[in-house]
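Colleague: Sharing a model that was predicted from the sequence below.
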Amino acid sequence: MSPKPIIAPSILASDFGKLASECQRIIGHGADWLHIDIMDGHFVPNITIGAPVVTCIRPAIEKTADGKGIFDCHMMVAKPEQWISDFAKAGGDLYCFHYEATENPRECIKLVHDSGMKAGIAIKPDTPADVLYSILDDTSDPDYYPDMVLVMTVEPGFGGQKFQQRCMPKVTALRDRYPEMDIEVDGGLGPSTIDVAAEAGANVIVAGTAVFGAPDPKHVISILKETVQKNVELWKTRSKV
Ligand SMILES: O=C(CO)[C@@H](O)[C@H](O)COP(=O)(O)O
């Protein structure tokens, strides 16, 4: 099955003073998922929110059968294994941890699946994509297989940074090798950078500043989604060449 376009605005760019209504507003504008940036001050030099805040916003967002309202928790934390059960209880749907933060990524995927959440695995801009190949090539046990890969396009830690185009060859390599995988990109994405990200092969688009800061977020979300959609056929042709 072809990956579908998924737009996941990062709530880091929202007004935290009215977080629940900000989440509702952006879902109302057509966002598919909410990307929730969890930072612990250790893995990255910044602190954001934890599971109690996720618990508070969960009742405000309905999850629908077609996959809207998913809480995509990006765990920029030093010990990803430690928070799995808290985020599962809080209503997280997808728990995306960093490859660089754990000694045993396969075991971490299994623990996330055991908690009832989907598992994502993220790499920072300087981490090569091929570190993931042994995990992604081994389809023998779905418990140990990630549901999504996240290629960071900025150094994790802060919103509002410049998109790093140098990360695109990793997205292309992953898309060509894993045509059905959900591949997320995160950092500096918006109407001016979506073309290269979508052409490379990203289908899950995180955008914070570009969506929450836009006068017309609905328009921005539709540009992002349509651009991914236009590229889905291109990826198929490319991977056959
Ligand atoms: O994980 C991060 C930053 O660490 C991202 O989710 C950013 O928060 C995205 O924000 P923009 O670059 O779109 O403003």
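Modeller: Now that the structure is in, tell me what you want to look at.

Colleague: check contacts around the most centrally placed residue in the chain.
Modeller: The centre of the chain sits closest to Glu184, judged by CA atoms, centre = their mean, with a distance of 4.9 Å. Contact analysis of Glu184 by CB atoms under 8 Å, 6 or more residues apart in numbering lists 6, 8, 72, 96, 120, 148-151, 202-206. C-betas here are computed from N, CA, C, even on glycine.

Colleague: Return the closest of the residues you listed with respect to the ligand.
Modeller: Val206 (5.1 Å; CB to the nearest ligand atom).

Colleague: I'd like the distance between the closest residue to that closest one other than its chain neighbours and the ligand.
Modeller: Distances taken as CB to CB, 6 or more residues apart in numbering place Asp186 nearest to Val206, at 3.8 Å, with adjacent residues excluded. Distance, Asp186 to the ligand, using CB to the nearest ligand atom, to the nearest Å: 5 Å.

Colleague: on that earlier part again, and the ligand, which of the contacts of Glu184 reach it?
Modeller: Val206 (CB under 6 Å from any ligand atom).

Colleague: so of the contacts of Glu184, which ones are in strands?
Modeller: Among the contacts of Glu184, the members falling in strands (DSSP state E) are 6, 8, 72, 96, 120, 148-151, 204-206.

Colleague: Adding distance to Asp138, neighbour count and pLDDT, write those out as TSV.
Modeller: Formatted as TSV, the ones in strands among the contacts of Glu184 follow (distance: CB to CB, whole Å; neighbours: other CB atoms under 10 Å; pLDDT from 0 to 100):
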residue	distance to Asp138	neighbour count	pLDDT
Ile6	25	23	98
Ala8	27	27	98
Asp72	24	27	98
Cys96	19	28	99
Gly120	17	24	99
Met148	16	20	98
Val149	14	27	99
Leu150	19	28	99
Val151	20	26	99
Val204	22	26	98
Ile205	27	29	99
Val206	27	29	98
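
Colleague: Sketch out the low-pLDDT regions of this protein for me.
Modeller: 239-241 (pLDDT under 70).

Colleague: Tell me which stretches of it form strands.
Modeller: 6-9, 33-39, 70-76, 94-98, 118-123, 148-152, 182-186, 204-207.
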